[in-house]
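**Q** give me a 3D structure for the following:
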Amino acid sequence: MKLRINGKDHDVDADPRTPLLWVLRDHLGLVGTKFGCGMAQCGACTVHLDGVPTRSCVLPAMLAEGKAVTTIEGISDGDTLHPVQQAWVEGSVPQCGYCQSGQIMTTVALLKKKPQPTDEDIDVALSGNLCRCGTYQRIRKAVHRAAEIAQSGPEGTP
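**A** Sure, this is the predicted structure:
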């Protein structure tokens with residue numbers, strides 16, 4: 001298969017029915033995307049498929065051919081963190097951190113659709129991303145901070 005991941009083309013020798021998650025992790029070494037439940041229920045495996053948050057644990061890799069796949073590794077710009085990543089660090093959001101790549105990927109997509117989301121927008125968008133440690137309040141605060149950073153630049157000032 002030929003897959004476009006984080007802006008680069010990859011020839012992958014895997015069964016086309018293999019879930020994209022395992023192609024990313026086992027074949028390409030992109031381990032930022034996590035396995036959580038294997039049933040698309042927890043959101044830990046969220047990646048973007050043509051910009052849309054998608055659960056990679058149930059998506060056969062062959063369905064990603066011809067589409068742009070973005071993983072947590074692909075949202076920063078070199079050493080410059082994405083505004084969502086920066087807000088996560090500033091807010092000390094992760095506790096165990098396991099669900100965070102999925103939370104971040106979902107938030108990146110949310111902020112593209114709604115640059116200034118309300119608490120309700122955040123709760124709805126992230127309702128399918130479970131956090132076993134219960135850091136939901138820090139996550140919501142970080143989403144608002146990421147919106148500020150994205151609007152005004154890395155220092156958070158206009």
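
**Q** in which helix or strand would I find the residue nearest to the spatial centre of the chain?
**A** Nearest to the mean C-alpha position of the chain, counting by CA atoms, centre = their mean, stands residue 105 at 1.9 Å. Using DSSP states H and E, residue 105 falls within helix 100-113.

**Q** what mean pLDDT does the helix or strand just after that helix have?
**A** Using DSSP H and E, the next helix or strand after helix 100-113 towards the C-terminus is helix 119-125. In this model, helix 119-125 has a mean pLDDT of 97.

**Q** stretch 79-92 too?
**A** In the prediction, stretch 79-92 has an average pLDDT of 96.

**Q** and the contacts of it?
**A** Stretch 79-92 is contacted from outside by 75-76, 93-94, 100, 104, 107-108, 111, 138, 141-143, 145-146, 148-150, 154, using CB atoms under 8 Å, 6 or more residues apart in numbering. The way it works is simple: take the backbone N, C-alpha and C, and place the C-beta from them, glycine included.

**Q** rerun at 6 Å
**A** 75, 76, 104, 107, 108, 138, 141, 142, 145, 146, 149, 150 (CB atoms under 6 Å, 6 or more residues apart in numbering).

**Q** between these, which sits nearest residue 125?
**A** Nearest to residue 125 among those, counting by CB to CB, is residue 107 at 7.4 Å.
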